[in-house]
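Participant: Pasting a predicted model and its sequence here:
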Amino acid sequence: MRKWGYAALGTALAAAVLGTPVASAAGEQAAGGQQECRRAFDHAVWEDMDSYNKRDAARYRAIIHRDMVTVGRRGQVIIGYDANVNPVLEQFKVPYEFSMPWTVTHTVVEDCKMGYAILDAHYLEPSHDIDRHFTISLTLVRDHGRWQVVKDTVTDVVA
């Protein structure tokens, strides 16, 4: 066995006797990766809602997945990118103020591939005295390194 072979064998034996700092470091790195993944997911949820509230068409388009599906508050199912994005972009053009303040109440992120967030939200149009209370469920997938909304379900909250 050459010198490097003995050195490798010695390192392996020392790691076996002393514990495996490499495995521990890998575990810490994985935990850090999961935290970063979760932060990116949380930011994507925020990006979806913030781009809507600010009527930012470019940001809103970017956060929506090409295979987007929406289940609306009346049970209607809307399938596809254009079918989902175009009505929202039209709504951005209305001359009156609207907003949707929201709070995340629950999230789940799986293997940095998909996740969902449950939101408590109010759709507000002050000039029309409208305040609709919703539960929103957003499902996001990580596609080409980016989180995007692939499913949106809006449910009326009845008082």
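Facilitator: That came through fine.
Participant: Please, where are all the strands along this structure?
Facilitator: Secondary structure of the chain (DSSP state E): strands located at 64-71, 77-79, 102-110, 114-125, 130-143, 146-156.
Participant: Compare the ones you listed and give me the one nearest Glu47.
Facilitator: Ranking these by their distance to Glu47 (criterion: CB to CB) puts strand 146-156 first, at 8.3 Å. (C-beta placed from N, C-alpha, C; glycine too.)
Participant: Now for His43: which residues touch it?
Facilitator: Trp147 (CB atoms under 8 Å, 6 or more residues apart in numbering).
Participant: circling back: what would the strands of the chain look like in JSON lines with mean pLDDT?
Facilitator: Conversion of the strands of the chain to JSON lines gives the following (pLDDT from 0 to 100):
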{"stretch": "strand 64-71", "mean pLDDT": "98"}
{"stretch": "strand 77-79", "mean pLDDT": "97"}
{"stretch": "strand 102-110", "mean pLDDT": "97"}
{"stretch": "strand 114-125", "mean pLDDT": "98"}
{"stretch": "strand 130-143", "mean pLDDT": "97"}
{"stretch": "strand 146-156", "mean pLDDT": "97"}
